[in-house]
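> Have a look at this prediction, sequence included:
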Amino acid sequence: MINNNTKNKIKLVFLTLYIYALHNPTYAQRDLVIDNKGTIKQFNRTTVTTADTAPSNPFIKDLWFDTSTYITKVWNGTSWDEIIKLPDIGDVKYGMQSTDHDGWVTLNGRAVNTLSASQKAEAMSLGFTTNLPDAIDRTLMKRSMGSIGDVGGNNTIQIQQQNLPNVTFTGSTTDDGNHSHTIQDRHSTGTSPRGRGGRAVLRDRLNTTRTTSNNGNHSHTGTVSTGGSGVIIDFTPSFLNVNVFVYLGN
């Protein structure tokens, strides 16, 4: 048992230390307590400051809510570390995680009624009353038309005739071919008999040139291959598989 005299001494010591602590800003966040055996012990008390400027002489683990940036910070002994802000309901992210985690729910088209009660309420507040959107094999984009959560588009395309340029292919050749041939007669040196027993010289047309007709103009018809098999074109770009999550809270 501790007698009254001892208790008074302990109280005096505690009061002295407490007054010293109040006047020493470096240790102003350290408190003293006395256990059931009369031992004086010291513990650190975390202080929370709300202001647009950092508090002076902070102690490790002190908190400061910076009203100029609306960011909560903790003192690490040297500087203020920002405490990461929680995501907002409806935030979307990519991740390598394979399952739901920390309030993030996989966008895989699941039924809303399979979610927890609070997540179901948040999903419905975002406009998803039956199913969550299915992000499998889809990229995220903001279109000028449609509603949030709508899906559309294709990964393949088939070219139609109306998609081709408006051109006409023809084939032709020149109509060269006019030509002529010349024939040159040669005079004869022979004789032929004449009547009454005499001989006569054959009459000859010397170096006469004759021309054939110039028929020969002609043309050729060219043909261009037509047809096709209509093979579908896959324009899916090179990709990395990840999961897509929406934040609905816990």
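Received it, and whenever you're ready, just let me know what you need. The shown structure was predicted, so the numbers you read here are calculated from the model rather than taken from an experiment.
> Could I get the full set of helices for the chain?
For the chain, the helices defined by DSSP state H cover 4-22, 117-125.
> For those, which has the smallest mean pLDDT value?
Note on the helices of the chain: helix 4-22 shows the lowest mean pLDDT, a mean of 49.
> any idea how far residue 152 is from residue 145?
For residue 145, the distance to residue 152 equals 10 Å [CB to CB, to the nearest Å]. From N, CA and C alone the C-beta is placed, and that goes for glycine too.
> same check, this time on residue 99
Counting by CB to CB, the gap from residue 99 to residue 152 is 27 Å.
> Residue 48 now?
According to CB to CB, residue 48 and residue 152 sit 49 Å apart.
> now swap in residue 248 and tell me
Remark: distance between residue 248 and residue 152 (CB to CB) = 24 Å.
> got it, and residue 91?
With CB to CB as the criterion, residue 91 and residue 152 are 23 Å apart.
> Compare those two and say which one has the larger neighbour count.
Using other CB atoms under 10 Å as the criterion, residue 91 and residue 152 rank with residue 91 on top: 13 against 9.
> And the protein, what are its domain boundaries?
Residue ranges for the domains of the chain, per automatic domain parsing: 1-44, 46-85, 86-141+156-161+232-250.
> Quick check: which of those domains is nearest to residue 180?
Closest of the domains of the chain to residue 180 is domain 86-141+156-161+232-250, at 48.8 Å (criterion: CB to CB).
> how long is the closest one end to end?
Length of domain 86-141+156-161+232-250, first residue to last, CA to CA, to the nearest Å: 12 Å.
> Stretch 121-137 too?
27 Å.
> Give me the buried positions along it.
Buried residues in stretch 121-137, counted by 16 or more other CB atoms under 10 Å: 122-123, 126, 128, 132-133, 135.
> ditto for stretch 101-110
Result for stretch 101-110 [16+ other CB under 10 Å]: buried residues 103-107, 110.
> Out of these, flag the one nearest to residue 173.
Set against residue 173, the nearest of those by CB to CB is residue 107 (63.4 Å).
> Touching, that closest one and residue 247? I think so.
No: under the criterion of CB atoms under 8 Å, residue 107 is not in contact with residue 247, lying 10.8 Å apart.
> shared neighbours of the two, anything?
residue 92 (CB atoms under 8 Å, 6 or more residues apart in numbering).
> hmm, back to that, which members of the buried residues of stretch 121-137 are the farthest-apart pair?
Using CB to CB, those reach their maximum pairwise distance at 122 and 135, which is 17.5 Å.
> Just the pLDDT for residue 45.
Residue 45 is given a pLDDT of 69.
> How about residue 182?
For residue 182, the model assigns a pLDDT of 68.
> what do you get for residue 65?
Looking at residue 65, its pLDDT reads 90.
> same deal with residue 199?
pLDDT recorded at residue 199 is 56.
> what does residue 110 give?
Looking at residue 110, its pLDDT is 95.
> now the one 4 residues further on
Per-residue confidence at residue 114 stands at 95 (pLDDT).
> Tell me how many other residues surround it.
Counted with other CB under 10 Å, residue 114 comes out at 11.
> was I right about residue 172 contacting residue 222?
Yes: Residue 172 lies in contact with residue 222 (CB under 8 Å); the separation is 6.1 Å.
> could you measure residue 54 against residue 102, distance?
Applying CB to CB, the value for residue 54 to residue 102 is 30 Å.
> Sorry, slip of the keys, the one I care about is residue 81.
Counting by CB to CB, the gap from residue 81 to residue 102 is 20 Å.
> Check residue 172 too.
Going from residue 172 to residue 102 by CB to CB gives 73 Å.
> Point out where this protein drops to low pLDDT.
1-45, 171, 177, 179, 181-216, 218 (pLDDT under 70).
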